[in-house]
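Engineer: The following comprises the amino acid sequence and a computationally predicted model.
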Amino acid sequence: MACTVAVETEIDRHYAAQLAQLADEEPALRETIAQFQAEELEHKATALDLGAEQAVAYPLLSGMIRAGCRLAIRLSERL
């Protein structure tokens, strides 16, 4: 569950940045991204409800996973 929270946190940030970049353009794409974002936030909420933050070394584990996710997102934006 700790991994889910970390991944979903970064995916949420990525989707938020995409929505901000689109502004009022591409309404259909904005709607799709917003729907995906909402689904990811549901996953995060479920993981938190199931005790993700009680994982051993949660802050360290979460930080490492989030850093990996940010790196993967940056790489995918450049490819």
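Structural biologist: That came through, no problem. Residues are numbered from 1 along each chain as shown.
Engineer: switch to C-alpha atoms for all contacts and neighbour counts from now on
Structural biologist: Will do.
Engineer: Give the other helices and strands that the helix or strand hosting Arg13 contacts.
Structural biologist: Per DSSP states H and E: Arg13 is located in helix 2-22. For helix 2-22, the elements it packs on are helix 27-49, helix 58-78, judged by 3 or more Cα pairs under 8 Å, 6 or more residues apart in numbering; DSSP states H and E.
Engineer: mind redoing it with 6 Å?
Structural biologist: In terms of contacts (3 or more Cα pairs under 6 Å, 6 or more residues apart in numbering; DSSP states H and E), helix 2-22 is packed against helix 27-49.
Engineer: Pull out the buried positions in the helix it packs on.
Structural biologist: In terms of neighbour count (16 or more other Cα atoms under 10 Å), helix 27-49 has its buried residues at Arg30, Ile33, Ala34, Gln37, Glu40, Leu41, His43, Lys44, Ala47, Leu48.
Engineer: confidence score at the residue most central in space within the chain?
Structural biologist: The chain has Ile11 as the residue nearest its centroid, 2.0 Å off, counting by Cα atoms, centre = their mean. If you check Ile11, the pLDDT there is 97.
Engineer: I'd like the distance between it and Ala28.
Structural biologist: In this view, Ile11 and Ala28 are 20 Å apart by Cα to Cα, to the nearest Å.
Engineer: what does Glu39 give?
Structural biologist: 17 Å.
Engineer: what does Ala2 give?
Structural biologist: 32 Å.
Engineer: And Phe36, by the same measure?
Structural biologist: Distance, Phe36 to Ala28, using Cα to Cα: 13 Å.
Engineer: now swap in Ala17 and tell me
Structural biologist: With Cα to Cα as the criterion, Ala17 and Ala28 are 17 Å apart.
Engineer: cool, Arg74 as well?
Structural biologist: From Arg74 to Ala28 the distance is 24 Å (Cα to Cα).
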